[in-house]
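Peer 1: task: produce atomic coordinates for the following.
(one chain, ligands or ions: 1)
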Amino acid sequence: MQTALLETRLGSLSPTARGKVRDIYSLNEEELLFVATDRISAFDHVLGSGIPDKGRILTQLSLFWFDFLKDTVRNHVLTADAAKFPSTLNPYLDQLEGRSMVVRRAQMFPVECVVRAYLSGSGWKDYQATGAVCGIALPAGLRESDRLPEPIFTPAAKINTGGHDENISFEDVITAVGADNARALRRLTLEIFEKASKHAESRGLILADTKFEFGTIDGEIILADEVLTPDSSRYWPADAYSPGGPQPSFDKQYVRDYLESIRWNKQAPAPSLPDEVVARTREKYLEAFRLITGRTGL
Ligand SMILES: C[C@H](c1ccccc1)n1cc(-c2ncnc(N)c2C#N)cn1
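Peer 2: Numbers count the residues shown, from 1 in each chain. Model (predicted):
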């Protein structure tokens, strides 16, 4: 079993921001190092085992989507070619190759730009409670995982405690970033989603929802963070779609099934995963990469 990279050790460089599965390091005034680890989270917990190559696969997926969307929105990537990284990183290239990118430092908007074409997750919970999501009223009688009449912009506020982000209204976005930026973020989010979901559909995948992070560089709105990865999106196999309940996760179903099979108490430390679950999950990430990009190798 290959080894998974759970932490990067970059000498005196310490993360300026840490997510569950990705870390950011400040290189200088203008540049950040964005690293995708092999960590995997499920039920909002980072598990004891990593998935070998997960970070590389998801980084290559983000790079595919940044290129796919380059005529729609600029992005923050400067280079993902480790040979072009600052020489100070030379001692660590073995840890960074393929799973990291040097990005432009942007002024990030404090809004998670979520778009949903299907009713799932927190959107389903909010709909059950109020008949709406982020203040957008939906038709009565919808079932879990039903397709919505049209994709909807359902922003969330970032909760830094690492817990769930909180769904907010479009008016809240206006308050946070101003009306012009709010309208631009909504328009870009829906436009990008339309293109990406059509591509996913052509590859046999339903893109049920996804989350974008935007910022500004020199006053222009750019697409940042990871993009349309299985960590930031719900991808469902189209041929298994069956509304009326939760859909199998394209990438994490083996992990979820295992955690439920051991009746893991989510207050307890996150367990490690059996080699078989790790191997099968790695294969699912590779399958997502192959389906979405049409490429066979990383
Ligand atoms: C939420 C997200 C995050 C990612 C990875 C780990 C923890 C948090 N994040 C993105 C930035 C960020 N800041 C300035 N310029 C940028 N180009 C980016 C990006 N991407 C800061 N945080």
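Peer 1: who in the stretch 101-250 of the chain is up against the ligand?
Peer 2: 103, 104, 105, 106, 108, 213, 215, 224, 225 (C-beta under 6 Å from any ligand atom). Bear in mind the C-beta positions are built from the backbone N, C-alpha and C, glycine included.
Peer 1: and with 5 Å instead?
Peer 2: Residues of the stretch 101-250 of the chain found near the ligand (C-beta under 5 Å from any ligand atom) are 103, 105, 106, 108, 224, 225.
Peer 1: now secondary structure and neighbour count too, for these, in TSV please.
Peer 2: Converted to TSV, those look like this (DSSP: H, G, I helix; E, B strand; the rest coil; neighbours: other C-beta atoms under 10 Å):
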residue	secondary structure	neighbour count
103	strand	24
105	coil	18
106	coil	21
108	strand	16
224	strand	24
225	coil	22
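Peer 1: low pLDDT regions in the stretch 151-298 of the chain?
Peer 2: For the stretch 151-298 of the chain, the stretches with pLDDT under 70 are 160-163.
Peer 1: would you map the helices across it?
Peer 2: 170-177, 179-202, 253-261, 275-293 (DSSP state H, counting those that start in this stretch).
Peer 1: take those helices and lay them out in TSV including mean neighbour count and distance to residue 10.
Peer 2: Putting the helices of the stretch 151-298 of the chain into TSV (neighbours: other C-beta atoms under 10 Å; distance: least, C-beta to C-beta, whole Å) gives the following:
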stretch	mean neighbour count	distance to residue 10
helix 170-177	17	32
helix 179-202	17	31
helix 253-261	16	28
helix 275-293	18	24
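Peer 1: what secondary structure does the nearest residue to residue 25 once chain neighbours are set aside sit in?
Peer 2: Leaving aside its chain neighbours, residue 25 sits nearest to residue 33 (4.2 Å; criterion: C-beta to C-beta, 6 or more residues apart in numbering). At residue 33 the chain is in strand, as set by DSSP: H, G, I helix; E, B strand; the rest coil.
Peer 1: residues contacting residue 33?
Peer 2: Residues near residue 33 by C-beta atoms under 8 Å, 6 or more residues apart in numbering: 10, 13, 24-27, 85, 89, 96, 100-103.
Peer 1: list buried residues within these.
Peer 2: 10, 24, 25, 27, 85, 89, 96, 100, 101, 102, 103 (16 or more other C-beta atoms under 10 Å).
Peer 1: next step: those restricted to strands.
Peer 2: Taking DSSP state E, the ones among the buried ones among the contacts of residue 33 that sit in strands are 24, 25, 100, 101, 102, 103.
Peer 1: got a list of what the second one touches?
Peer 2: With contacts taken as C-beta under 8 Å, 6+ apart, residue 25 has the following neighbours: 10, 13, 14, 15, 16, 32, 33, 35.
Peer 1: among these, which are within reach of the ligand?
Peer 2: Counting by C-beta under 5 Å from any ligand atom, no member of these is near the ligand.
Peer 1: and which of those residues is nearest the ligand?
Peer 2: residue 32 (5.5 Å; C-beta to the nearest ligand atom).
Peer 1: so what's the residue count around that closest one?
Peer 2: 21 (other C-beta atoms under 10 Å).
Peer 1: same deal with residue 169?
Peer 2: Considering only other C-beta under 10 Å, residue 169 is surrounded by 15 other residues.
Peer 1: in space, what's closest to it - neighbours in sequence excluded?
Peer 2: Here the residue nearest residue 169, using C-beta to C-beta, 6+ apart, is residue 135, at 3.9 Å.
Peer 1: okay, the helices of the stretch 151-298 of the chain in JSON lines with distance to residue 45 next?
Peer 2: As requested, these are exported to JSON lines (distance: least, C-beta to C-beta, whole Å):
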{"stretch": "helix 170-177", "distance to residue 45": "28"}
{"stretch": "helix 179-202", "distance to residue 45": "27"}
{"stretch": "helix 253-261", "distance to residue 45": "9"}
{"stretch": "helix 275-293", "distance to residue 45": "15"}
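Peer 1: and these: which comes nearest residue 157?
Peer 2: helix 170-177 (7.2 Å; C-beta to C-beta).
Peer 1: show me what that closest one is packed up against.
Peer 2: Identification of packing neighbours for helix 170-177 by 3 or more C-beta pairs under 8 Å, 6 or more residues apart in numbering; DSSP states H and E yields strand 111-118, helix 179-202.
Peer 1: before I go, just wanted to say thanks for your time.
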